[in-house]
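Engineer: sequence unknown, structure follows:
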């Protein structure tokens, strides 16, 4: 079984990814898809007069500040538009895809970060009313039920708090948690870059293989959103995932390419 | 088992409906929810610069003209925003709700109406490139799988064509088809009116009971969107649903109220 994370950033060739997933499924391989949606959420929230706001935590991670209006736009775009269109595209390629978010059937339970410490203009501030969560558990049983029914789950990055609130969660870490819960052999993270680079964006510094021991150091040179992917990879390894591959989602046959070892293989 | 259709029109008391559904589920009754989303789709598509366009078919039914952009907005709003928020609200009331559309797992298969004959300014025209469908089958097996896992399905009004295209379908007729496939005892249609009126909007002309034989005549006096509800009721009876109740979704305990026979009972 493999988990494929499709990046929400522009440039990923969604048609090629879905066609490649269809190829895998037809060969009898079970696939679970997890997708993001940040680029499109930014676009639509700006159009709706509620532009995105990003904050940097005191530990150096950047994330979306998710007030209630942003949460609803995020749910609308990721779970409505992107999820439905990925499911539709897979259906067109003959895959019986099934979309869900972590709110459905409490598939992903998360702790709400209701007060976050952020750094803005050099000052540390507390932000409240944030609907962002840290995933604590994933229901492998629910995903297995869908897989056993011959369905291909397509997961959008929302989780639910113990109180029943929908929460925005990081899609890379969601993919890592899903891969960990299902104890898959491979977690493929498709993005709009060829993999992890020692000196971003210089593609000649692509790291083809990163041993587990090198992950901590990688956190120091990984840029922006790549930081969370590295953190996710580290979590996935700890949960028993065989290997994680960061690979290029812009090329033809992006999944086969990744499975053949192109990109950054972490094991 | 009951199917509850929650209207997309303004005024329906979503909190009261969800709380009432939670009461039913806690008593051990299986519930399947179907919702609409027209009012909110109109609002958001207007905000996004793509205002809705309604057309009247030659047989007198009004429907949304759904070009590809409209389909994507419709999917975003109904399957992303409304569906997620209904699921969230039910989760808050302790119901393990699970959202899906008819595209997921091909739960609702529909025939695409790729060319529709409409009347505009007294002229008959053909409209093409429409992503609207007429549901032909509902997978009771898929819904039963979710129900048997202790989940409460919440269905948004999208179906899939044999070619894999996502299609906008009428939510009232979707509810009727779902109720028919599950052979439920009762189908409750909650709207922002007290039921079917002989002379809309005069509430003193509410029809408390309509026998099957009176449905055809009802089509002649039912106004606007009520026409499709009457058509759906007629289809549901033909599929073996025990009774259909059109009831007020604006009041407290709207579901218990409907189950107690308030509104228009069709049997």
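Structural biologist: Everything's here; your move. Since the structure is predicted, the reported quantities are computational estimates derived from the model, not experimental observations. Numbers count the residues shown, from 1 in each chain, chains lettered A, B, ... in the order given.

Engineer: So which bits of the stretch 101-250 of chain A are right by chain B?
Structural biologist: Within the stretch 101-250 of chain A, the positions adjacent to chain B are A:101, A:103-106, A:142, A:145-146, A:149, A:151, A:158, A:160, A:163-166 by Cβ under 8 Å from any Cβ of the partner chain. Bear in mind the C-beta positions are built from the backbone N, C-alpha and C, glycine included.

Engineer: for chain A, where's the lowest mean pLDDT among helices and strands?
Structural biologist: In chain A, the helix or strand scored least confidently by mean pLDDT, DSSP states H and E is strand A:62-64, which has a mean of 81.

Engineer: what packs against that one?
Structural biologist: Using 3 or more Cβ pairs under 8 Å, 6 or more residues apart in numbering or on different chains; DSSP states H and E as the contact criterion, the secondary-structure elements in contact with strand A:62-64 are strand A:54-57.

Engineer: pretty sure residue A:254 contacts residue A:18?
Structural biologist: No - counting by Cβ atoms under 8 Å, residue A:18 is not a contact partner of residue A:254; they are 10.1 Å apart.

Engineer: Which stretches in the stretch 1-150 of chain A count as helices?
Structural biologist: A:14-26, A:38-47, A:68-74, A:83-92, A:140-148 (DSSP state H, counting those that start in this stretch).

Engineer: So which of those is nearest residue A:264?
Structural biologist: Comparing those against residue A:264 with Cβ to Cβ, the closest turns out to be helix A:14-26 (17.8 Å).

Engineer: now the closest one against helix A:83-92, angle please.
Structural biologist: With axes from the mean of the first three to the mean of the last three Cα atoms, to 10 degrees as the basis, helix A:14-26 and helix A:83-92 are set at 60 degrees to each other.

Engineer: can you list contacts of helix A:14-26?
Structural biologist: For helix A:14-26, the external contacting residues (Cβ atoms under 8 Å, 6 or more residues apart in numbering or on different chains) are A:2, A:4, A:6, A:31, A:33, A:86, A:89-90, A:92-95, A:152, A:190, A:249, A:251-256.

Engineer: do that again at 7 Å, thanks
Structural biologist: The set of residues that contact helix A:14-26 without belonging to it, under Cβ atoms under 7 Å, 6 or more residues apart in numbering or on different chains, is A:4, A:6, A:31, A:33, A:86, A:89-90, A:93-95, A:152, A:190, A:249, A:252-256.

Engineer: how far away is whichever residue of chain A sits closest to chain B from residue A:8?
Structural biologist: Residue nearest to chain B within chain A (Cβ to the nearest Cβ): residue A:80, separated by 1.6 Å. For residue A:80, the distance to residue A:8 (Cβ to Cβ, to the nearest Å) stands at 14 Å.

Engineer: Neighbour count for those two, which is higher?
Structural biologist: residue A:80 (31 against 23; other Cβ atoms under 10 Å in any protein chain shown).

Engineer: which ones are touching the more buried one?
Structural biologist: Contacts here follow Cβ under 7 Å, 6+ apart; on that basis residue A:80 touches B:75, B:76, B:77, B:79, B:80, B:81.

Engineer: give me that answer again for 10 Å
Structural biologist: Contacts were defined as Cβ atoms under 10 Å, 6 or more residues apart in numbering or on different chains; by that measure residue A:80 touches A:37, A:99, A:101, A:156, B:37, B:72-84, B:101, B:156, B:158.

Engineer: follow-up on the earlier one: leaving out sequence neighbours, find the closest residue to the residue of chain A closest to chain B.
Structural biologist: With Cβ to Cβ, 6 or more residues apart in numbering or on different chains as the criterion, residue A:80 has its nearest non-adjacent residue at 1.6 Å, and that residue is residue B:80.

Engineer: And for residue A:82?
Structural biologist: residue A:37 (4.6 Å).

Engineer: Would you confirm that that neighbour contacts residue A:171?
Structural biologist: Yes - counting by Cβ atoms under 10 Å, residue A:37 sits close enough to residue A:171 to count as a contact (7.3 Å).

Engineer: Identify the contacts common to the two.
Structural biologist: In contact with both residue A:37 and residue A:171: A:6, A:7, A:8, A:78, A:156, A:157, A:158, using Cβ under 10 Å, 6+ apart.
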